[in-house]
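Colleague: I'll drop the sequence and a predicted model, then ask my questions.
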Protein chains: 2
Amino acid sequence: MFEPVTIKDIAKALGLSTSTVSRALRDTHEISPATKKMVLDYAKEIGYQPNPIALSLKERRSKSIGVVVSEVANSYFSQAINGIESIAYDRGYHVIISQTHESYDREVVNVQHLASRSVDGLLVSLSSQTNDISHLKQLHDKGLPMVFFDRVAEEINTHKVIANNEKGAYEATAHLIRSGYKRIAHLTSSSQLSISIERLSGYEAALNDHGLTVNADYIKHCPHGGMIYEETESKIKELLALDEKPDAIFVAGDRLSTGCLSVFKNLSISVPGDMAIAGFSNSDVLDLFNPSLTSVRQPAFEIGKLATQMLIQLIEAKYPVEEFEKKVLDTELFVRNA
Amino acid sequence: MFEPVTIKDIAKALGLSTSTVSRALRDTHEISPATKKMVLDYAKEIGYQPNPIALSLKERRSKSIGVVVSEVANSYFSQAINGIESIAYDRGYHVIISQTHESYDREVVNVQHLASRSVDGLLVSLSSQTNDISHLKQLHDKGLPMVFFDRVAEEINTHKVIANNEKGAYEATAHLIRSGYKRIAHLTSSSQLSISIERLSGYEAALNDHGLTVNADYIKHCPHGGMIYEETESKIKELLALDEKPDAIFVAGDRLSTGCLSVFKNLSISVPGDMAIAGFSNSDVLDLFNPSLTSVRQPAFEIGKLATQMLIQLIEAKYPVEEFEKKVLDTELFVRNA
DNA sequence: CTGAAAGCGCTAACAA
DNA sequence: TTGTTAGCGCTTTCAG
């Protein structure tokens, strides 16, 4: 149905061998200018396009990289993907995106799928439900290049690119403290995620540094990372039911931050009047929100770029890479008060 | 670096021929149960994974589909992509996403890139700057299956899936009229886009049906579809500079709607006090906006699903398909007033 | 029921 | 400088 036009066709038409045509097309020196011109002209005339699949088979690589994220409909990830694309594209790589929707099972399936489609490398941000990373470890051990970004697996020794989650969390929490709030709760994603751990640690450090004590009742985890409204709502209701109700919340995720605002809006609880909120978010319409959200913004585009550069470096390395690094990029705090 | 495990390895280890192994793996009937079991067991043991590239080369298809959208960081498209993925994965297809960022040049390059990577088909939503569609026409003529969604090219005879833009625009405009507004402007994307034409037509119909006249000065185009804040701002300022200043605006796009709200916020113009706004948007945080936006929501997920089903049907068709259809899905109006 | 051989499109030794 | 040949991993005639 879809017309071929192969090197063989050109060879036949021009009375040459396929290897000569190949050489002309690939511009090697061992070819006469005349033949080369003839081949190139004819190739252009009939619109010859090399078959990348044949090439992949031969060179044993696909010039494509797989991306595993929880959701493209998420400002952070869509910005990161833009960064990924911007680099990949320039370097001639295809980007294959797959979404876990925060499900461990889908993550396993997607990773397997990508690997079996022989991507040359993987850019991974773990799902919030992922505890066991053997599906990735196995591929990594086999030699599949892999770079983690955002939600990383410490157990796998490879490059990692993350935001300075601890510092970002510290700043947001400190901002709430400086604004006069004393009972600051923390709403976060599942506890095993690297970002949860880092952000929790920044939150705790800020409390400690400002003479406030960490109250375990004030820390609530949403395993679905804000994907399920009811989950977020019920955790917030737990906070509101406490004897010493918090007066502010530091929220550790994009979806959770907006989810949180929605819950308060629906409960008709005034923000920041009755409850102040600061949270991680990369949305670019935050300025339109009311109640407004003081936000911690990650350099998502930059993170995507860096991760991709490192991955391609790994893919194209002549010798196995032994030294891995973790890049940490600063976040930015946007104070908004309505 | 990355270990192979081919059919040949199995054959050698088991003292069989590659064809026998292939047959065992592919579960044909012309194979003895014993051999089959032996092969399957061994294959599982050593973790054999068929090489899809070799298969693609043989079968002359890649089991992947290319998606061309303007931006993944856009609620409409990210939702549509979710729909696309949901079907594609089930049917064993990979989804390769590329973004035009509303640029014609990038669209041409991306389409070429996808085609040369031999995707089996294309799901396309045109960039706002695309006038010339010969890059697509050429591939379509060559037999590459193609389905348009959202921003379609009427000149290419193939399946199309769109929202009922005209009706959606009509309803939004009629809503503004019923709310008492009489000087309703229209802010839209570039004039050649199918969605612009359809939405403009719905807008005009609503005005006419309600005894209002269409004023050409009230219709403003943003060729970059809201990607450039300054463009949106300047068009709005043009509207505000008119002698008979509009009292409401019907906005024809996601990015434009939020951009519009931002502009008014920055100009300290009260919405809907001084200016009412209704617009197309698929954002799922609209409820948090203030000023709030009365929105026309498209069934993006559904559109993505349908387009993908139709594309795969085209790809897998035994005989060339001659009959094409255009599916039109209803939008939903969400009235919000703050 | 199994094996040998050809071929998908391309490149790269090796010959000529 | 050009042609011949083999091979990347797999399926599929065609013989046995």
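Modeller: That came through fine.
Colleague: and stretch A:138-148, which residues are buried?
Modeller: Residues of stretch A:138-148 classed as buried by neighbour count (16 or more other CB atoms under 10 Å in any protein chain shown): A:139, A:140, A:144, A:145, A:146, A:147, A:148. Every C-beta, even on glycine, is put in place using the N, C-alpha and C of the backbone.
Colleague: repeat for stretch A:97-117
Modeller: For stretch A:97-117, the neighbour count (16+ other CB under 10 Å) marks A:97-104, A:106-108, A:110-111, A:113-115, A:117 as buried.
Colleague: which one is residue A:220 nearest to, not counting chain neighbours?
Modeller: Nearest in space to residue A:220, with sequence neighbours left out and distances taken as CB to CB, 6 or more residues apart in numbering or on different chains, is residue A:235 at 4.2 Å.
Colleague: Now that neighbour. Its backbone dihedrals?
Modeller: phi -70, psi -40 (degrees, to the nearest 10).
Colleague: related to what we said a few turns ago, list the ones among the buried residues of stretch A:138-148 that fall in helices.
Modeller: Residues of those located in helices (DSSP state H): A:139, A:140.
Colleague: Quick one: neighbours of residue A:21, just the number.
Modeller: 28 (other CB atoms under 10 Å in any protein chain shown).
Colleague: now swap in the one 5 residues further on and tell me
Modeller: By the measure other CB under 10 Å, the count of residues near residue A:26 is 9.
Colleague: How about the one 4 residues further on?
Modeller: Burial of residue A:30, expressed as a neighbour count using other CB under 10 Å, amounts to 6.
Colleague: Equivalent analysis for residue A:90, please.
Modeller: For residue A:90, the number of neighbouring residues by other CB under 10 Å comes to 10.
Colleague: Give me the distance between it and residue A:83.
Modeller: With the distance defined as CB to CB, to the nearest Å, residue A:90 ends up 12 Å from residue A:83.
Colleague: Then residue A:128?
Modeller: 22 Å.
Colleague: Could you do residue A:10 as well?
Modeller: Using CB to CB, we find residue A:10 at a distance of 39 Å from residue A:83.
Colleague: of these two, who's got more company?
Modeller: Comparing residue A:10 with residue A:83 by other CB under 10 Å, the one with more neighbours is residue A:10, at 24 against 21.
Colleague: And for the more buried one, nearest residue in space, chain neighbours not counted?
Modeller: Setting aside the residues directly before and after it, residue A:10 is nearest to residue A:21 in space (CB to CB, 6+ apart), at 4.9 Å.
Colleague: Who are the contact partners of the one you found?
Modeller: By CB atoms under 8 Å, 6 or more residues apart in numbering or on different chains, the contact set of residue A:21 is A:7, A:10, A:11, A:14, A:39.
Colleague: name the element it belongs to?
Modeller: Assessed by DSSP states H and E, residue A:21 sits inside helix A:18-26.
Colleague: thinking again about what came up before, closest to residue A:289 out of the buried residues of stretch A:138-148?
Modeller: Nearest to residue A:289 among the buried residues of stretch A:138-148 is residue A:148, at 30.8 Å by CB to CB.
Colleague: what residues are up against that closest one?
Modeller: Neighbours of residue A:148 in contact, by CB under 8 Å, 6+ apart: A:123, A:124, A:125, A:126, A:156, A:158, A:159, A:160, A:161, A:307.
Colleague: top of those by neighbour count?
Modeller: That'd be residue A:124 among the contacts of residue A:148, by other CB under 10 Å, with 32 neighbours.
Colleague: Dihedrals phi and psi, the closest residue to DNA strand D within the stretch 151-300 of chain A?
Modeller: Of the residues in the stretch 151-300 of chain A, the one nearest DNA strand D is residue A:158, at a distance of 24.3 Å by CB to the nearest atom of the strand. Backbone geometry at residue A:158, expressed as degrees, to the nearest 10, gives phi -160, psi -180.
Colleague: Pretty sure it sits against residue A:324.
Modeller: Yes - between residue A:158 and residue A:324 there is a contact under CB atoms under 8 Å: 5.3 Å.
Colleague: in chain A, what residue is nearest chain B?
Modeller: Nearest to chain B, among the residues of chain A, is residue A:290, at 3.0 Å (CB to the nearest CB).
Colleague: burial of the nearest residue to that residue once chain neighbours are set aside, as a residue count?
Modeller: Distance criterion CB to CB, 6+ apart; nearest residue to residue A:290, sequence neighbours excluded, is residue B:290 at 3.0 Å. For residue B:290, the neighbour count with other CB under 10 Å is 17.
Colleague: so residue A:146 sits right up against residue A:124, yeah?
Modeller: Yes - between residue A:146 and residue A:124 there is a contact under CB under 8 Å: 6.3 Å.
Colleague: measure residue A:32 to residue A:24 for me?
Modeller: 9 Å.
Colleague: same thing with residue A:176?
Modeller: From residue A:176 to residue A:24 the distance is 68 Å (CB to CB).
Colleague: And residue A:209, by the same measure?
Modeller: From residue A:209 to residue A:24 the distance is 69 Å (CB to CB).
Colleague: And the two? Which one has more around it.
Modeller: For residue A:209 versus residue A:24, neighbours defined as other CB under 10 Å are more numerous around residue A:24 (24 against 12).
Colleague: Check the more buried one and give its pLDDT.
Modeller: pLDDT for residue A:24: 90.
Colleague: And residue A:314, by the same measure?
Modeller: pLDDT for residue A:314: 94.
Colleague: cool, residue A:338 as well?
Modeller: On the pLDDT scale, residue A:338 is placed at 56.
Colleague: Columns distance to DNA strand C and pLDDT on top of the buried residues of stretch A:138-148, output as JSON lines?
Modeller: As requested, the buried residues of stretch A:138-148 are exported to JSON lines (distance: CB to the nearest atom of the strand, whole Å; pLDDT from 0 to 100):
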{"residue": "A:139", "distance to DNA strand C": "25", "pLDDT": "90"}
{"residue": "A:140", "distance to DNA strand C": "28", "pLDDT": "92"}
{"residue": "A:144", "distance to DNA strand C": "22", "pLDDT": "90"}
{"residue": "A:145", "distance to DNA strand C": "21", "pLDDT": "94"}
{"residue": "A:146", "distance to DNA strand C": "27", "pLDDT": "96"}
{"residue": "A:147", "distance to DNA strand C": "27", "pLDDT": "98"}
{"residue": "A:148", "distance to DNA strand C": "33", "pLDDT": "98"}
